[in-house]
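In: Pasting the sequence and the predicted coordinates here, then a few questions.
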Amino acid sequence: VNPRRVVFDSLSELRLLAGAGLRYRRQILALKQHFAERNATVLMLDDLTASSERELQSLAHGVVTLEHIKPEYGAEKRRLHVNKIRGAQFRGGYHDFIIKPGGIAVFPRLVAAEHFRPFKQEMVGSGIEELDRLTGGGLSRGTSTLMIGAAGAGKSTLALQYISETLSRGENAALFSFEEGINLTLGRAEAMQRELLSYYENGNLTLQKVDPAELSPGEFAFRVRTAVEKNKAKMVVIDSLNGYLYAMAHERHLVLHMHELLTYLNQQGVVTILVTAQSGLLGDNMKSPIDLSYLADTILLLRHFEAFSGVHQAVSCVKKRSGPHERTIRELRIDPHGVRVGKPLLEFRGILTGVPEYVGIEQ
């Protein structure tokens, strides 16, 4: 027959047939010498039930370890680790993979240093003059923006405003939602007089509903890369980081994955918007599930505040690495006509606390 590829599935069967451990190791060594003379590639599968047989790995030219992780809730996660490959350079660390009809799909660990594309440094506007003033002329290409605030403060709607403006300039965009479905997102955009359905159908807008219980971090990074490299997305929105956090086993993993992903997007010249929901509504009890403020180049803070027997929203830019920005607090309004940003709220003090003090002249 003279085969070019030989698969032994599995070595545990050979181990049982050999009986003694020494005899088993001698048989494996004899097989190695036999196929080496015939220029054949041999793949040996083992379940590693016997930890004492790990020294057999020294006989192989390459060793790949597959792991099957069973979380308390959600689908199983699978990952692989390349222990060694003689005479070749390989990607270290763990790589997520899935089993699907037709085979398997492996998602190599993202290394941002390997991906760089020259791009033009310029500002990206929102289509709202007052909001662009607040951010010092707009968001810079190759930077990330963190929109943080309580539930209902307008974070997702404001992100849709940026996406709509990007699409109207003829550029592509991508939205990965961990919370809302595609129909709900399109309906929200239509309610604010922003039509996104045609862009979605034409492929200019990538909309994906992400289930954190089913998706691994490696596969999510692969989807983002596909949107940027194949669909040429110039803006990527992740809504929200809370859902992304639930997809991770530990909080520290989120920081490492997000740092690598943001570095990759920045080097591709993509404008990235991250949405994070805080617990609490008013007062000093506003808390975030994780602090990613140091990773963001720009931070937009959205708040509810009480004034004149009503609940209002405010927006402020508290950080921008790429240049100066306005340090005022402006009122944010969302109505059937879209998103509107008002003048600086100079008549109030303590707006970001949620319970401001009116210091202006009573009307």
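Out: On my side now, so go ahead.

In: pLDDT on stretch 276-285, on average?
Out: Across stretch 276-285, pLDDT averages out at 74.

In: likewise stretch 6-16?
Out: For stretch 6-16, the per-residue pLDDT averages 87.

In: One more: stretch 109-116?
Out: Rounded mean pLDDT across stretch 109-116 is 93.

In: Is the residue nearest to residue 300 when sequence neighbours are not counted within a helix or a strand, and which one?
Out: Excluding its sequence neighbours, the residue lying closest to residue 300 (Cβ to Cβ, 6 or more residues apart in numbering) is residue 147, at 4.9 Å. Where you see a C-beta, it was placed from the backbone N, CA and C, and this is true even at glycine. When secondary structure is defined by DSSP states H and E, residue 147 falls within strand 144-150.

In: tell me what that strand is packed against?
Out: In terms of contacts (3 or more Cβ pairs under 8 Å, 6 or more residues apart in numbering; DSSP states H and E), strand 144-150 is packed against helix 155-168, helix 251-267, strand 271-278, strand 298-307.

In: closest to residue 137 out of these?
Out: Using Cβ to Cβ as the criterion, the shortest distance between residue 137 and these is 11.5 Å, found for strand 298-307.

In: List the pairing partners of the closest one within its sheet, with orientation.
Out: Applying DSSP bridges, strand 298-307 is found paired with strand 144-150 (parallel), strand 310-320 (antiparallel).

In: from the chain's centre, how far out does it sit?
Out: The chain centre lies 24 Å from the centre of strand 298-307; the measure is Cα atoms, centre = their mean, to the nearest Å.

In: Can I get it as PDB, trimmed to CA atoms?
Out: What follows is strand 298-307, C-alpha atoms only, in PDB (Å, rounded to 0.1, in the frame of the first residue of the first chain):
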ATOM      1  CA  THR A 298     -11.900  58.500  24.500                       C
ATOM      2  CA  ILE A 299     -14.600  58.200  27.200                       C
ATOM      3  CA  LEU A 300     -18.100  59.500  26.900                       C
ATOM      4  CA  LEU A 301     -20.000  59.600  30.200                       C
ATOM      5  CA  LEU A 302     -23.800  59.400  30.100                       C
ATOM      6  CA  ARG A 303     -25.900  60.200  33.100                       C
ATOM      7  CA  HIS A 304     -29.500  60.500  34.300                       C
ATOM      8  CA  PHE A 305     -30.200  63.600  36.400                       C
ATOM      9  CA  GLU A 306     -33.300  65.000  38.000                       C
ATOM     10  CA  ALA A 307     -34.400  68.500  37.300                       C
END
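
In: tell me the mean pLDDT for it?
Out: 91.

In: Show me which residues of it are buried.
Out: Of the residues in strand 298-307, those buried under the neighbour-count criterion (16 or more other Cβ atoms under 10 Å) are 298-305, 307.

In: And stretch 156-170, by the same measure?
Out: The neighbour-count criterion (16+ other Cβ under 10 Å) identifies 156-167 as the buried residues of stretch 156-170.

In: again, but for stretch 38-46
Out: By neighbour count with 16+ other Cβ under 10 Å, stretch 38-46 contains the buried residues 42, 44, 46.

In: Check stretch 192-212 too.
Out: Buried, per 16+ other Cβ under 10 Å, within stretch 192-212: 192, 194, 196, 199-200, 204-208, 210, 212.
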